[in-house]
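1. I would like to see how this sequence folds:
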Amino acid sequence: MSEVDARGEAGTGRGQVVAWGLWDWGSAAFNAVILTFVFSVYLTDSVGDDLPGGISASAWLGWALGIAGLVVALTAPVSGQRFDATANRKRSLGVLTALTVVAMVAMFFVHDDYHDLWLGLVLLGFGSACFELANVPYNAMLRQVSTPATVGRVSGFGWAMGYFGGIFLLLICYLGFIAGDGDQRGLFGIPTDDGLNIRLVAVLAAVWFAAFALPVLFAVPEVVRTGADPGAASGGLLGSYRVLWRDLRELWVEDRRTVGFLLASAIFRDGLAGVFTFGAVLAVGVYGFADDDVLLFGIAANVVAALGAIIAGRFDDRVGPKRVIVVSLVAMLICGSALLAVSGPLMFWIFGLLLTVFVGPAQASARSYLARLAPPGREGQLFGLYTTTGRAVSFLAPLLFGFFAWAFATDRAGIVGLLVVLALGLAALLAVPPPDAVHNSARPVDAKE
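-> Purely as a prediction, here's the structure:
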């Protein structure tokens with residue numbers, strides 16, 4: 001990315017863009033290592049393996065994350081609204097990141113004993129809520145480190161950093177702490193007794209996140225307090241929801257496309273998440289992948305998604321984010337339909353990777369789309385709503401995947417469920433006008449040191 005590409009109107013430069021992207025790189029420590037591949041698996045397969053009673057550890061995990069998601073859905077819009085109104089966007093990012101890191105460090109004390117399952121669930125739920133809320137001010141800072149001419153490629157750069165950071169740290173954790181058999185694992189020969197190797201992975205992930213989250217807190221200035229959202233800074237908890245309701249009514253009257261985009265993006269983003277959620281299940285159960293091949297495919301899928309996000313970011317700035325998202329969703333529908341007709345590992349490698357190459361562009365352009373629509377000074381509130389609407393429909397892809405797999409008595413048919421969600425999101429998006437010059441020409445919010 002050239003210095004011209006990375007420079008923003010408020011005097012931002014390449015260093016600020018890189019610092020902003022490094023938070024995405026570091027945050028993969030929680031998303032990939034803690035939440036998805038390592039610590040959550042340790043909780044269900046080891047810590048809670050001999051849990052007494054009729055409720056499994058996996059069920060308790062689902063409920064814990066569900067409660068955390070409900071908290072996020074209810075608080076994200078008013079949190080983002082308040083971060084903006086009180087000019088505490090960067091401070092809030094720092095506090096929420098620190099709370100997430102503290103929860104990750106505390107996971108070291110979750111021993112391989114079902115009595116510690118509850119501590120692990122509380123820490124994972126708390127960390128998950130703080131992490132998702134931290135994404136609200138982080139995404140809102142996109143306008144501070146980009147211009148209307150570069151917002152697409154900067155957003156794509158951030159998404160790519162997240163993908164690559166996750167891959168790099170997962171490889172370190174796997175090779176250094178997990179690989180192998182016996183009582184000592186990985187290149188470092190860490191004992192597995194009492195889950196020590198996994199508990200140390202949690203500490204490593206915490207240090208990783210903290211180290212790469214620091215640059216954005218020093219390089220990107222705080223926003224200046226403005227009157228863009230009257231009453232948001234002075235109201236209490238109930239007052240914040242009254243301001244939110246007032247702002248939603250104003251959006252509906254003045255710029256209905258923002259509301260339409262929030263709804264459309266919630267649907268197709270759930271379909272995008274479903275592609276990664278059920279990809280491994282399909283690879284093994286339908287296309288004959290070996291367990292080791294799934295890990296390799298996961299790495300390759302993240303690489304191509306990252307490269308897709310970087311490349312599509314430039315098209316985003318030239319032709320607009322809506323076209324990038326539409327092309328990506330159409331391509332995914334074509335590749336997904338092809339997967340219904342083919343069999344074998346080779347075909348899944350081909351069409352599965354073609355499918356995932358368009359996930360990154362759709363995710364990155366969805367973020368830049370909303371950044372272009374958001375009124376200056378209210379980015380946090382809009383990205384809070386972005387988080388909430390995504391949570392509100394997060395049941396669609398899992399529900400439809402399960403329904404079609406059950407109705408046709410084959411996991412392959414679950415692909416149809418994912419395609420239906422993507423198609424519904426595409427149809428909803430086509431009805432939403434693209435961002436125009438009204439907000440694109442608006443200068444980013446002034447910054448202060």
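2. end to end, how far does stretch 142-157 reach?
-> By Cα to Cα, to the nearest Å, the extent of stretch 142-157 from end to end equals 11 Å.
3. in it, what's buried?
-> 142-148, 150-157 (16 or more other Cβ atoms under 10 Å). Glycine gets a C-beta too; all of them are placed from N, C-alpha and C.
4. Point out the least confident one among the residues you listed.
-> Looking at the buried residues of stretch 142-157 by pLDDT, the weakest one is Pro148, with 84.
5. what's the helix or strand for Pro137?
-> helix 117-140 (DSSP states H and E).
6. for the following helix or strand past that helix, packing partners?
-> Per DSSP H and E, the first helix or strand lying C-terminal to helix 117-140 is helix 151-173. Using 3 or more Cβ pairs under 8 Å, 6 or more residues apart in numbering; DSSP states H and E as the contact criterion, the secondary-structure elements in contact with helix 151-173 are helix 14-28, helix 196-219, helix 291-319, helix 359-373.
7. Next, the angle from the last one to helix 151-173.
-> Same thing as helix 359-373. Taking axes from the mean of the first three to the mean of the last three Cα atoms, to 10 degrees, one finds that helix 359-373 is oriented at 140 degrees with respect to helix 151-173.
8. before we move on, the earlier item: CA atoms of the helix holding Pro137 as CSV?
-> Taking Å, rounded to 0.1, in the frame of the first residue of the first chain, the C-alpha atoms of helix 117-140 are listed here in CSV:
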residue,chain,number,x,y,z
LEU,A,117,-15.5,-25.6,33.6
TRP,A,118,-17.6,-22.8,35.1
LEU,A,119,-14.6,-20.5,35.5
GLY,A,120,-13.7,-21.2,31.9
LEU,A,121,-17.2,-20.5,30.6
VAL,A,122,-17.4,-17.2,32.6
LEU,A,123,-14.0,-16.0,31.3
LEU,A,124,-14.9,-17.1,27.7
GLY,A,125,-18.3,-15.4,27.8
PHE,A,126,-16.9,-12.2,29.4
GLY,A,127,-14.0,-12.1,27.0
SER,A,128,-16.3,-12.7,24.0
ALA,A,129,-18.6,-9.8,25.0
CYS,A,130,-15.7,-7.4,25.6
PHE,A,131,-14.0,-8.5,22.3
GLU,A,132,-17.2,-7.9,20.2
LEU,A,133,-17.8,-4.5,21.9
ALA,A,134,-14.2,-3.5,21.2
ASN,A,135,-14.9,-4.0,17.5
VAL,A,136,-17.4,-1.2,17.6
PRO,A,137,-15.0,1.7,18.3
TYR,A,138,-12.3,-0.1,16.2
ASN,A,139,-14.5,-0.2,13.1
ALA,A,140,-15.6,3.4,13.7
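9. Report the buried residues of that helix.
-> Within helix 117-140, the residues that qualify as buried by neighbour count (16+ other Cβ under 10 Å) are 117, 119-121, 123-140.
10. Give me the distance between Val136 and Leu370.
-> Here the distance between Val136 and Leu370 works out to 12 Å (Cβ to Cβ, to the nearest Å).
11. same check, this time on Ala32
-> Relative to Leu370, Ala32 is positioned 24 Å away (Cβ to Cβ).
12. Ok, Ser328 next?
-> According to Cβ to Cβ, Ser328 stands 16 Å off from Leu370.
13. what does Ala306 give?
-> Remark: distance between Ala306 and Leu370 (Cβ to Cβ) = 21 Å.
14. and if you look at Trp208?
-> Between Trp208 and Leu370 the distance, using Cβ to Cβ, works out to 28 Å.
15. repeat for Gly182
-> Here the criterion is Cβ to Cβ. By it, Gly182 lies 49 Å from Leu370.
16. Name the residue in these two with the higher neighbour count.
-> Neighbours per residue (other Cβ atoms under 10 Å) separate Gly182 from Leu370, with Leu370 holding more: 24 against 8.
17. hang on, the earlier thing: most tightly packed of the helices and strands packed on helix 151-173?
-> helix 359-373 (a mean of 28; mean count of other Cβ atoms under 10 Å).
18. Dump the C-alpha coordinates for that one into CSV.
-> Once side chains and other backbone atoms are set aside, the C-alpha atoms of helix 359-373 remain, and they are given as CSV (Å, rounded to 0.1, in the frame of the first residue of the first chain):
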residue,chain,number,x,y,z
VAL,A,359,-15.7,-14.1,1.6
GLY,A,360,-13.0,-11.5,2.4
PRO,A,361,-14.1,-9.0,-0.2
ALA,A,362,-17.7,-9.2,1.0
GLN,A,363,-16.8,-8.7,4.6
ALA,A,364,-14.4,-5.8,4.0
SER,A,365,-16.7,-4.0,1.6
ALA,A,366,-19.6,-4.4,4.0
ARG,A,367,-17.5,-2.4,6.6
SER,A,368,-16.5,0.2,4.1
TYR,A,369,-20.1,0.5,2.8
LEU,A,370,-21.3,1.5,6.3
ALA,A,371,-18.4,3.8,6.9
ARG,A,372,-19.4,5.7,3.7
LEU,A,373,-23.0,5.9,4.9
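19. Return the distance of that helix from the chain's centre.
-> On the basis of Cα atoms, centre = their mean, to the nearest Å, helix 359-373 sits 12 Å off its chain's mean C-alpha point.
20. next one: stretch 377-395
-> Distance of stretch 377-395 from the chain centroid (Cα atoms, centre = their mean) equals 12 Å.
21. List the buried residues of that stretch.
-> Buried residues in stretch 377-395, counting neighbours by 16+ other Cβ under 10 Å, are found at 377-391, 393-394.
22. what mean pLDDT would you report for it?
-> The predicted model gives stretch 377-395 an average pLDDT of 80.
23. Low-confidence ranges, this structure, go.
-> Of all residues in the chain, those with pLDDT under 70 make up the ranges 1-12, 85, 87, 224-240, 280, 291-292, 436-449.
24. thinking again about what came up before, could the helices and strands packed on helix 151-173 go into a markdown table alongside distance to Val259?
-> Compiled in a markdown table, the helices and strands packed on helix 151-173 are given as follows (distance: least, Cβ to Cβ, whole Å):
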| stretch | distance to Val259 |
| --- | --- |
| helix 14-28 | 27 |
| helix 196-219 | 30 |
| helix 291-319 | 22 |
| helix 359-373 | 10 |
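25. shared neighbours of Val136 and Leu370, which are they?
-> Between them, Val136 and Leu370 share the neighbouring residues Phe383, with contact defined by Cβ atoms under 8 Å, 6 or more residues apart in numbering.
26. Pull the contacting residues for Leu340.
-> 412, 415-416.
27. If we use 10 Å, what do you get?
-> Leu340 makes contact with 351, 412-413, 415-416, 419 under the criterion Cβ atoms under 10 Å, 6 or more residues apart in numbering.
28. With Val33 instead?
-> Contacts for Val33 were tallied using Cβ under 10 Å, 6+ apart; they are 39-40, 104, 166, 169-170, 172-174, 198, 201-202, 204-206, 208-209.
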